[in-house]
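Novice: Here is my input, please return the structure:
(2 chains)
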Amino acid sequence: MIHSKDVEVHKNKEATTNPQEFEKDLIKMEGLVLVAFVSVEDQDTYDTEIIAKQGAEVIEDAILSITSFPDKIRQKNEEIREYNRKIEKEEKKGKPRKLKELILDRELYRVDKVLVYPWAHLSKFLSSDPRAMDVCPRIAGLLQEKGIESAYSPFGWYKSFKINCLGHELAEMYRDIKLYIQPEEHLESAKFKVITPDGKELDIKFDNEKNYIRLDEIKDLDFHLFLESELGSRRVDKGEEPIHIKNMKEFELIDFEPNTDSGNLRWYTKGVIMKNLIKRYTEDSLIDFGAILVDTPIMYTVKNDKLTAQTARFPARTYWVESGNDRYLLRFAGDFLQFDMLSNMNLKPQYFPLRLYEWEQYDFRREQEGELSGLRRLRGFVMPDFHTLCKDLDSAIVEFKNQYKLDRKLEEDLGIKSNLIFRTTQDFYEQNKDWIIELINSEGKPALLELWEDRYYYFILKFERTVLSAQDKSATLATIQIDVESSLEYIEQDGKKRQKYNIKFEDTDGKVKHPVILHNSPTGGLERILWGLIEIAERDIDTCVPGFKAWLSPVQIRVLTISEEQNEYGNKIMEELNQRGFRADLDDRDESLGKKIRRAEVDWIPYTIIVGGKEEENETISIRKRLIGEKFGAKKSTSKQINNISLEDLIEMLNEDTKGFPKYKLPKPFRKFSTKVYFRK
RNA sequence: GCCUCUGUAACUCAGUUCGUAGAGUGACAGAUUCGUAAUCUGUUUGCCGGGGGUUCAACUCCCCCCAGGGGCUCCA
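Specialist: Numbering: from 1, shown residues only, chains lettered A, B, ... in the order given. The predicted structure is shown next:
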């Protein structure tokens, strides 16, 4: 945008085969004119009405910035005077700041008129759609409606023009406007209840400051803390760093990466081991459950209207990639390409329920800076994503119940303890409360229920499993949604048809139907699983032994020698364990046993093997089995001692402990302390 | 995006009212050859996040930037 004194545009000759009809040969505007040069990009022609509205709003904002600028400077100067006064009185150190001055007379910070001028050269990603030429007239029209005198210059012509840039602080401005399809607004009319395991509904009430008032019927403090976190009750700001950040660094699992955008992390070897174990385990479980597997690209075009209808809902949170003369967006979920793929398939009735699984490495969401937090909220993350096409709502409910059990099993196996939330409409709850209560009952603890008057989202039911952190912060891991919208050809929104994916099949009765889709992130985001595991362990650190389950621990067994004389024997045992598919390392440092044991403790090693002279002589080992998740013993002991057993006995114990879970090798440099690679130390 | 706190040795952190830095851990060396949560002694290490400014003098005061945390908002 250029703020100009007077503007003149002469129409010369057609520049395109079908230029915009425009009778006048000369546009002459006198006074203080804001000239907005406009490029219409690839995605914008999805809906020229929306993009024109956004454009007009941005121009209005610009006008406001210009007109309010002298006032802003005046305010700023008051602050500076105050600051300087403090320095004079020696209340503050430093040197006085200079007052700001307006470049031009304040009368000139005014916009009388607007000229909207199509200017292709602002973008590499121009729209080739003929509708692009509607945008400038629409913007001018919208501004005119708001009482701002506006004109537009014709599209598709060679033109000569004269502008006279005023040259003040805001005389030149640039704005990038991304198409934004706003979700329909809805009133905050949700009601919250707690459902007890025996099916009693307790209404949640709030005080004047919107804080949740604790229910007398609930005795469990952790459940209150969960409700307080979920319901946004104001808590005392502890201002503490989340505990898992220390762990993720000290264990050398994951770390911040300063050489990229915030929220995109670096994984170290042990973190990669855990990542791959969780990946393999989830994948195995999903295959057993009946899923098929796909992998879809992480970036895609914005020129597909069907995708744009969904992706343009979060333009501010999208990463853009440019390549050649095109731009692409980095996916923030896998749904789009999966659904597009499903819409192109010849779906047959016998396929249902059709279960499709993708390990999304990575998804990208450009969250606002203040929202990022350790492993809990990231900009680049890994998410297992599972979608199921069901013939109809009834079969979707049957499938939901099965997947509910699946998710619960996965969490148990990982070692996650969670709280439950069901979010749905009042009607849906009334018609389905029996089985929902049955599920809550099977957990033996209460659940939070949110009820809406109408359905505002694509799902009619959203189920979440949330974890409470050491600092009483609740976050969702697994979630299942019943989506009754995405498979349709289109929906009505604000009186407009909005495209959906049009996923359909011809049923045995000959009718074309759209399936109901379950969205399920069976474990939740991978980083968040690690967040949960560490936070859960740290939450109970005063009463319970912290640790990861044996199958998931980066190092499952540590061999300790009492003196260097046993290093050879210890090494043999360590090698044997690795060959048998377990992750074992050897602490062969010349240190006291006490020190080695302490190290194994702080490393949360599930099995610590001790070999001394006695063991070597008898060809046996002694074991400290860490009682992960159990209450501390006497004198805060963390383990159970098993003396003088054979290596085969240990392997049997390990097989029992990790039965049904995937195996993953420990890279060789990590197997001996004397040659161990550290990333941070 | 807004508000706010933090950044000091490889790691964790201390550093008063400006006067060019200290502890523990680690690493290294020596002693010890050890039986279930830290053996003893010694040595080692610094662009005090980066840039600019104020000052005779800046880790310390001011401004900008970078990175991390917390809060608001947000959470497909």
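
Novice: does A:Thr466 sit in a helix or strand, and which one?
Specialist: Here A:Thr466 is covered by strand A:459-468, with elements defined by DSSP states H and E.

Novice: quick one: strands adjacent to that strand?
Specialist: Sheet pairing of strand A:459-468 (DSSP bridges) gives strand A:419-425 (antiparallel), strand A:474-483 (antiparallel).

Novice: Can you give me the first-to-last residue distance of stretch A:149-162?
Specialist: The straight-line separation of the ends of stretch A:149-162 (CA to CA, to the nearest Å) is 19 Å.

Novice: Centre of the chain to it, how far?
Specialist: 44 Å (CA atoms, centre = their mean, to the nearest Å).

Novice: quick one: buried residues of that stretch?
Specialist: A:150-157 (16 or more other CB atoms under 10 Å). The way it works is simple: take the backbone N, C-alpha and C, and place the C-beta from them, glycine included.

Novice: now swap in stretch A:43-59 and tell me
Specialist: A:43-48, A:50-52, A:54-56, A:58-59.

Novice: ok, and does that stretch reach over to RNA strand B?
Specialist: No: using CB under 7 Å from any atom of the strand, stretch A:43-59 stays clear of RNA strand B, coming no nearer than 14.5 Å.

Novice: can you map out the strands along the stretch 151-300 of chain A?
Specialist: Remark: strands assigned in the stretch 151-300 of chain A by DSSP state E, counting those that start in this stretch are A:157-165, A:191-195, A:201-203, A:254-256, A:265-267, A:292-293, A:299-301.

Novice: For the fifth one, name the packing helices and strands.
Specialist: Same thing as strand A:265-267. The contact analysis (3 or more CB pairs under 8 Å, 6 or more residues apart in numbering; DSSP states H and E) places strand A:265-267 against strand A:254-256.

Novice: Is there contact, residue-wise, from the strand it packs on to RNA strand B?
Specialist: Yes: Strand A:254-256 comes into contact with RNA strand B (CB under 7 Å from any atom of the strand), by way of A:Phe256.

Novice: List the strands paired with that strand, with their directions.
Specialist: Looking at strand A:254-256 with DSSP bridges, its partner strands are strand A:265-267 (antiparallel).

Novice: Now the strand it pairs with: average pLDDT?
Specialist: Averaging pLDDT along strand A:265-267 gives 90.

Novice: Assumed A:Glu652 was part of a helix.
Specialist: Yes: the assignment for A:Glu652 is a helix, going by DSSP: H, G, I helix; E, B strand; the rest coil.

Novice: Counting neighbours, what do you get for it?
Specialist: 12 (other CB atoms under 10 Å).

Novice: Can you list the residue ranges for helices in the stretch 151-300 of chain A?
Specialist: Counting by DSSP state H, counting those that start in this stretch, residue ranges of the helices within the stretch 151-300 of chain A are A:221-230, A:243-250, A:269-289.

Novice: Tell me what angle the shortest one forms with helix A:269-289.
Specialist: The reference is to helix A:243-250. Counting by axes from the mean of the first three to the mean of the last three CA atoms, to 10 degrees, helix A:243-250 points 110 degrees away from the direction of helix A:269-289.

Novice: How about residues contacting helix A:243-250?
Specialist: When contacts are defined by CB atoms under 8 Å, 6 or more residues apart in numbering, helix A:243-250 is touched by residues A:253-255, A:271, A:374-376, A:469-471, A:530-531, A:534-535, A:538, A:680.
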